[in-house]
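In: Fold the following, please.
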Amino acid sequence: MGRLKRISFTPTIDTSIYASGDVLFATTEVVGAVPTAMSAVIRAVTLHDKDDEGVAIDLYFLRDNVSFGTINNAPSMSDADGDMVTSKVSIAAADYLDMGGVQVATVGDLYCPIEADPGTTKIYVAGVVNATPTYAAASDIVIDLWITDEA
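Out: Numbering: from 1, shown residues only. Predicted coordinates:
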């Protein structure tokens, strides 16, 4: 395995109650995720839930900035846009450690290939919630991606 690089981002989420299966956050650009402007591998994902919800979340990685759907609604992608999904990582409710006012989940031992937007080092990520949380602030979720360029 090559050297790991941590990329951190804060997607914008809604503060209204979600239904299970709703888009938690729409397609979000993550700059510098792929060091070689081609492809890389996610080895681990850490999710910081600052609102202490600790719910299951699926992360979808895309190679282009396409519409995944509207926040707080079911995903809605065209067939062509669906072809942009390169991989998925699921974070289960059992993956979290409750630390009082925050819960943190890490999913490791991954081999999750990602591909950059052509000619760039950026990828796109969207999230789907698998419960019915209500977050207090639009910045209550922070995600760290642990990435290596060695396939």
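In: How many residues are close by the nearest residue to Y111 once chain neighbours are set aside?
Out: Once flanking residues are discounted, Y111 sits nearest to V41: 6.0 Å by C-beta to C-beta, 6 or more residues apart in numbering. C-beta here means a position set from N, CA and C on the backbone, and glycine is covered the same way. Residues lying near V41 (other C-beta atoms under 10 Å) number 19.
In: Just the pLDDT for V41.
Out: What the model reports as pLDDT for V41 is 93.
In: Check which helices and strands the strand or helix carrying it sits against.
Out: Assigned by DSSP states H and E, V41 belongs to strand 39-49. The contact analysis (3 or more C-beta pairs under 8 Å, 6 or more residues apart in numbering; DSSP states H and E) places strand 39-49 against strand 57-62, strand 85-91, strand 103-107, strand 112-115, strand 141-148.
In: which residues are contacting that strand?
Out: 1, 4, 33-34, 55, 57, 59, 61, 87, 89, 91, 96, 102-116, 140-151 (C-beta atoms under 8 Å, 6 or more residues apart in numbering).
In: what about the residue of the chain positioned farthest from its centre, which helix or strand?
Out: Distance to the chain centre peaks in the chain at G100, reaching 23.2 Å (criterion: C-alpha atoms, centre = their mean). Here G100 sits in a region with no helix or strand, counting by DSSP H and E.
In: Next up, the contacts around it.
Out: Here G100 is in contact with D52 (criterion: C-beta under 8 Å, 6+ apart).
In: what's the angle from the strand holding V41 to strand 57-62?
Out: Going by axes from the mean of the first three to the mean of the last three C-alpha atoms, to 10 degrees, strand 39-49 is angled at 150 degrees with respect to strand 57-62.
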